[in-house]
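S.K.: the following comprises the amino acid sequence and a computationally predicted model.
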Amino acid sequence: MKITFCGAAETVTGSCHLVETNGLKILLDCGFFQGSREVSSRNRSEFPFDPAQIDYVLLSHAHLDHVGRIPLLTKEGFHGEVITTPPTAAIAKVILADSAHIQVEEAAYRARKARRRGEEAQPPLYDMGDVLDSLDAFHHQVLYDQPTILGDGVEATFHDAGHILGSSTIELKAEGKTLLFSGDLGNRHQPIVRDPSDPPHADIVLVESTYGDRCHRSLDDSVYELKEAVHTVIGRGGNLLIPSFALERTQEVLYELFAMWKQNKLPKCKIFLDSPLAIATTRIFARYPGYFDKEGKEVFGSSPNPFSFPLLRYTQTTEESKRINAIPEGNIIIAGSGMCTGGRIIHHLRHNLWKEDAGVIFVGFQARGTIGRQIIEGAKRVNIFGEETVVQAQVWTVNGFSAHADQPILINWLKKADAKKIFLVHGEKESLEGLKDAIEEKLAIDAHVAMWKESVTV
Ligand code: ZN
């Protein structure tokens, strides 16, 4: 069995690993690189394999950094199957359509600038037509814990990763060995999704390391900080911005705000969900209550509920979004992208970041090179749309909402998997090294930090 690490190696984004076994070529994820210019430029570099020869993509979940290059793969000759769970397939369609839309818009912007310089502009990586072409491959959907035969002696089973709706860890059996790919492993006690399921025993594990070097504060602490931010900022009449991933985090933040509202602990304000993508994914959530945990089923089964209560406004169109700036301040604005790499949050940052009464609360991971990362690291000024903007708004960073396992959860999960060999992927340098040290010290298992484009035979 040969594994080549084609993305999310030495970095968080771009998840993609090629497994060659028994004559099959199988990709685990095919995600988009995001973050700094250096990292995102990898989206334009050639795949280190021939897409036409790939038989399967086993897709762990629908975050862009795991699914985002599938249209490119199709464009470059892939005609195999994408195998994943029903919610992941449904969410992936929305995520890919949104990605195509952003890329076409960005390409148009680059083209305008290039024309002024008399230069050629780079075309979009893919457009909506490419996304539609790629969706034909998504016809094979699987349920958790039910093995699927991929070929002679090769079998894949998806297990609940508890990260976002429909997310999976993937067990691949071939050549008498078991390879386990963690996908993104969830945190414990997240609202809505179930806790990560126990892993099967595995010989080889590819494990994510996003928070491999740290322990999360408890969700209770994070909810407390969210409440504090809401009361502080709304109390003084400013806007509170919540840059949020459209998928899962937004729904969890709504869940907490709804709980505050129900207990009469939410000050008078409006809550704008200013993200067409989040609105679309919220609808998909409502279609798959069978994947919720017990508490989630109860809360969402009644009315009002976190997706529909009196203070909440969905702003679908650009005009509705722009009108938010015209109304008196003192509101909560939830918008994407979660790492402030694009989307409507950028406009809201431009309008609010320089104001002392405003606030920004970060509820998710901020990759190196993003505006979000600059703000949480205390930048006094950031560049927004080519314009220097001072940071005077109050900033909170809350990491208990994380949809990722922290070091103790990862170590406990790896212990149960009882692996002989561990490869660390999907992390930045410090977290990869922190997790490697912890594995070697606590589990006495050989752990290797995978390098981009490195191949290993196991
Ligand atoms: Zn993820």
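M.R.: It's in.
S.K.: CA atoms for contacts and neighbours, from now on please.
M.R.: OK.
S.K.: strands of the stretch 251-400 of the chain, residue ranges please.
M.R.: Counting by DSSP state E, counting those that start in this stretch, the segments of the stretch 251-400 of the chain that form strands are 271-273, 312-314, 332-335, 359-362, 381-384, 387-390, 394-397.
S.K.: mean pLDDT and distance to His426 for those strands - can I get that in TSV?
M.R.: Below are those laid out as TSV (pLDDT from 0 to 100; distance: least, C-alpha to C-alpha, whole Å):
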stretch	mean pLDDT	distance to His426
strand 271-273	97	29
strand 312-314	96	33
strand 332-335	97	25
strand 359-362	97	21
strand 381-384	95	27
strand 387-390	95	32
strand 394-397	96	21
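S.K.: and the ones you listed, which is most packed in?
M.R.: Compared across the strands of the stretch 251-400 of the chain, strand 332-335 shows the largest average neighbour count, a mean of 26 (mean count of other C-alpha atoms under 10 Å).
S.K.: partners of that one in the sheet?
M.R.: Here strand 332-335 has these sheet partners by DSSP bridges: strand 240-243 (parallel), strand 271-273 (parallel).
S.K.: who's in contact with Val360?
M.R.: By C-alpha atoms under 8 Å, 6 or more residues apart in numbering, the contact set of Val360 is Leu240, Leu241, Ile242, Pro243, Leu353, Ala393, Gln394, Val395, Trp396.
S.K.: which among the residues you listed gets closest to Ile149?
M.R.: Nearest to Ile149 out of the contacts of Val360 is Pro243 (C-alpha to C-alpha; 40.9 Å).
S.K.: His140 versus that closest one, what's the distance?
M.R.: Distance, Pro243 to His140, by C-alpha to C-alpha, to the nearest Å: 34 Å.
S.K.: over to Phe272?
M.R.: Distance, Phe272 to His140, by C-alpha to C-alpha: 36 Å.
S.K.: now distance to Ala419 too, for the strands paired with strand 332-335, in TSV please.
M.R.: Listed next are the strands paired with strand 332-335 as TSV, based on distance: least, C-alpha to C-alpha, whole Å:
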stretch	distance to Ala419
strand 240-243	37
strand 271-273	43
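S.K.: right, and those strands - which one's nearest Leu414?
M.R.: Using C-alpha to C-alpha, the nearest of the strands paired with strand 332-335 to Leu414 is strand 240-243, at 31.8 Å.
S.K.: give me the contacts around that closest one.
M.R.: Residues from elsewhere that reach strand 240-243 (C-alpha under 8 Å, 6+ apart): 229-230, 233-234, 330-340, 345, 348-349, 358-363.
S.K.: tell me the SS of the residue nearest to Lys442 when sequence neighbours are not counted?
M.R.: Computed as C-alpha to C-alpha, 6 or more residues apart in numbering, the closest residue to Lys442 that is not its neighbour in sequence is Ile411, at 8.0 Å. Under DSSP: H, G, I helix; E, B strand; the rest coil, Ile411 falls in the helix class.
S.K.: what pLDDT does Ile411 get?
M.R.: Ile411 is assigned a predicted lDDT (pLDDT) of 97.
S.K.: correct me, but it touches Ile439?
M.R.: Yes. The criterion here is C-alpha atoms under 8 Å, and Ile411 meets it with Ile439 at 6.7 Å.
S.K.: give me the more crowded residue out of the two.
M.R.: The neighbour comparison of Ile411 against Ile439 (other C-alpha atoms under 10 Å) goes to Ile439, with 22 against 18.
S.K.: so what's that one up against?
M.R.: Ile411, Ile445, Asp446, Ala447.
S.K.: the residue most distant from the middle of the chain, which is it?
M.R.: Distance from the C-alpha centroid of the chain peaks at Gly118, with 37.2 Å (C-alpha atoms, centre = their mean).
S.K.: re earlier: show me which pair in the contacts of Ile439 is furthest apart.
M.R.: Ile411 and Asp446 (13.3 Å).
S.K.: the residue nearest the centre of the chain: what's it in contact with?
M.R.: Nearest to the geometric centre of the chain sits His63, at 4.1 Å (C-alpha atoms, centre = their mean). Contacts for His63 (C-alpha under 8 Å, 6+ apart) come out as Ala92, Ile95, Leu247.
S.K.: check what pLDDT it gets.
M.R.: pLDDT, read off for His63, is 92.
S.K.: state the distance from it to Phe365.
M.R.: With distances taken as C-alpha to C-alpha, His63 is found 13 Å from Phe365.
S.K.: again, but for Ile346
M.R.: In this view, Ile346 and Phe365 are 17 Å apart by C-alpha to C-alpha.
S.K.: also Pro310?
M.R.: Using C-alpha to C-alpha, Pro310 is found at 30 Å from Phe365.
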